[in-house]
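Chemist: Have a look at this prediction, sequence included:
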Amino acid sequence: MSHAPSKPPHAKAPAVLVLEDGRTFRGRAYGAEGTALGEAVFATGMTGYQETITDPSYARQLVVQTAPHIGNTGVNADDAESRRIWVAGYIIRDAARRPSNWRSEQSLDDQLREQGVVGIEGVDTRAITRHLRERGAMRAGIFSGPDAALTEGQLVERVVAQPSMTGSRLAEEVSIDEAYVVEPADHGWTGGTVATIAALDLGIKAMTPKHFAQRGVRTVVLPANATFEDVVATQPDGVFMSNGPGDPATADAQVELLRRVLDARMPFFGICFGNQILGRALGFGTYKLRYGHRGINQPVLDRRTGKVEITSQNHGFAVDAPLDGPVEAPAGSYGRVEVSHVSLNDDVVEGLACLDLPAFSVQYHPEAAAGPHDSAYLFDRFIDLMRAEKADPGSGNAVLASALDAPSESAALADAAAAELGTHGSQVTGTQPRRSPTQLSSTTQEEN
């Protein structure tokens, strides 16, 4: 038996969500009134809505929260992952009438309104999520106020007139203009500086440099358009590339920068968008997933150890690398590469490890803001890599390849379990089969 959403405490303007295939969902305005255009995607986290909306990786996206009750704990200054809200629009089922938490400083509704973020409440987010899961992420619009009175045909025209996420270059739009430094002492570290890293801000979340700082690492955060000379000027022990929005196929400048980093044998660690940049720098392609991975409960297999990690993820693109590695990097001069982590839902590449260079990356978020902390060890792995490479140049790869030459029995069993799950995953959980860019392109044309 379904229940209608609770009546709001005060009257709100009608609002409508319009998808590019013509499907519409009517509700009430939430946050600011007006028009919001972007790619409709769904996020499955039961908690962490403030971290979600302030994650720069959600730029130009309309986020559907699958959790039915949103706003219960309000918002506060400490939990924001960046300087502002980045979602283009926000879609929820039941909005909290009033926040109730000792840390709350403001209601979510009020903060959305203050920052001009258009949202909609009172819609069937379960139906929207099922539709996007079956048809794929697509362009959409939220309309409230005078625009909501337009005909559905007129609204669909406005939706389809906006650019697709494929081919979008957004990292520079969300990045900083000037470099800044995060010191270990500012986050409780009392010892000496362990290492200094140059971190390219492609949409970095605040928790990432905090994790480094809590381990004694000094982080110099650079703009997305930083050059190799800018990186070298920081005198780094290693280089980091962050998460971020947009299509990695447009990130030619960052790919070229990373190739120079690899040529110089600087230790490298990438997260999310940084994983895709590493993949492209090594010569692999990237492709758009049907509906992406967005949530804080995504299972990932570490193929080195056979262990499963529950991870926080937010990505709509993935690296197209072979799972039966190691293989020679297609770009030529970077030696052997192996897929280190895979998704247990759909076999999507979730991590890369270079066997002849001090470089690795993961597609998910070990900083876990919000989310589980299963993968926090990756920050320590990067520190170990930098230490080894600094003490004895060329020895850092032992940190990454320690278990690759002799896979454990548990890893073999886990691979078999993953294969079995992949056989049934699409039927049971609606997962997205791993496809090549060519397969995805033909499917997208048929759907749209």
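Modeler: All right, it came through fine.

Chemist: So Phe42 sits against Arg130, correct?
Modeler: No. Between Phe42 and Arg130 there is no contact under CB atoms under 8 Å: 9.4 Å. Bear in mind the C-beta positions are built from the backbone N, C-alpha and C, glycine included.

Chemist: Which residue of those two possesses the greater neighbour count?
Modeler: The neighbour count for Phe42 versus Arg130, taken as other CB atoms under 10 Å, is higher for Phe42 (23 against 13).

Chemist: What is the distance between the strand or helix carrying Glu389 and the centre of its chain?
Modeler: For Glu389, the host element (DSSP states H and E) is helix 377-391. Centroid separation for helix 377-391 versus its chain: 24 Å, with CA atoms, centre = their mean, to the nearest Å.

Chemist: residues in contact with it?
Modeler: With contact meaning CB atoms under 8 Å, 6 or more residues apart in numbering, helix 377-391 is reached by 194-195, 197, 211-212, 215, 217, 237-238, 240, 265, 267, 269, 358, 360, 362, 366, 395-396, 398-400.

Chemist: what about burial for those, which qualify?
Modeler: The neighbour count (16 or more other CB atoms under 10 Å) marks 194-195, 197, 211-212, 215, 217, 237-238, 240, 267, 269, 358, 360, 362, 366, 396, 399-400 as buried among the contacts of helix 377-391.

Chemist: What is the burial count for Met207?
Modeler: Met207 has 16 neighbours, counted by other CB under 10 Å.

Chemist: now the helices: where do they sit in the protein?
Modeler: 49-53, 108-114, 125-135, 152-160, 171-174, 207-213, 228-233, 252-263, 273-281, 377-391, 397-400, 409-429, 437-447 (DSSP state H).

Chemist: Let me know which of those is tucked in deepest.
Modeler: Ranked by mean neighbour count under mean count of other CB atoms under 10 Å, the helices of the chain are led by helix 273-281, which reaches a mean of 28.

Chemist: Report the mean confidence score over it.
Modeler: Averaging pLDDT along helix 273-281 gives 98.

Chemist: Please determine how far Leu150 is located from Val217.
Modeler: To Val217, Leu150 is 52 Å away according to CB to CB, to the nearest Å.

Chemist: right, I mislabeled it, should have said Gly246
Modeler: On the measure of CB to CB, Gly246 and Val217 end up 27 Å apart.

Chemist: got it, and Gly167?
Modeler: Applying CB to CB, the value for Gly167 to Val217 is 35 Å.

Chemist: how many neighbours does Gly116 have?
Modeler: That count, for Gly116 with other CB under 10 Å as the rule, works out to 12.

Chemist: what sits against the residue lying closest to Leu222 once chain neighbours are set aside?
Modeler: With CB to CB, 6 or more residues apart in numbering as the criterion, Leu222 has its nearest non-adjacent residue at 5.1 Å, and that residue is Ala179. Counting by CB under 8 Å, 6+ apart, Ala179 touches 220-223, 226, 230.

Chemist: So which of these is surrounded by the most neighbours?
Modeler: Using other CB under 10 Å as the neighbour test, those are led by Leu222, with 26 neighbours.

Chemist: give me the beta-bridge partners of it?
Modeler: Under the criterion DSSP bridges, Leu222 forms beta bridges with Leu200.

Chemist: May I ask which helix or strand of this structure has the lowest mean pLDDT?
Modeler: When each helix and strand of the chain is scored by mean pLDDT, DSSP states H and E, helix 437-447 comes last, with a mean of 36.

Chemist: hang on, Glu178 packs against Pro223?
Modeler: Yes. With contacts counted by CB under 8 Å, Glu178 reaches Pro223, the gap being 7.1 Å.

Chemist: What score does Ala401 have for pLDDT?
Modeler: On pLDDT, Ala401 comes in at 64.

Chemist: just Lys7 next, same as before
Modeler: On the pLDDT scale, Lys7 gets 42.

Chemist: Find the nearest non-adjacent residue to His293, please.
Modeler: Leaving aside its sequence neighbours, His293 sits nearest to Gln313 (CB to CB, 6+ apart; 4.1 Å).

Chemist: Looking at the longest strand anywhere in the chain now, give me its mean pLDDT.
Modeler: Among the segments of the chain that qualify as a strand by DSSP state E, the longest is strand 285-302. Strand 285-302 shows a mean pLDDT of 95.
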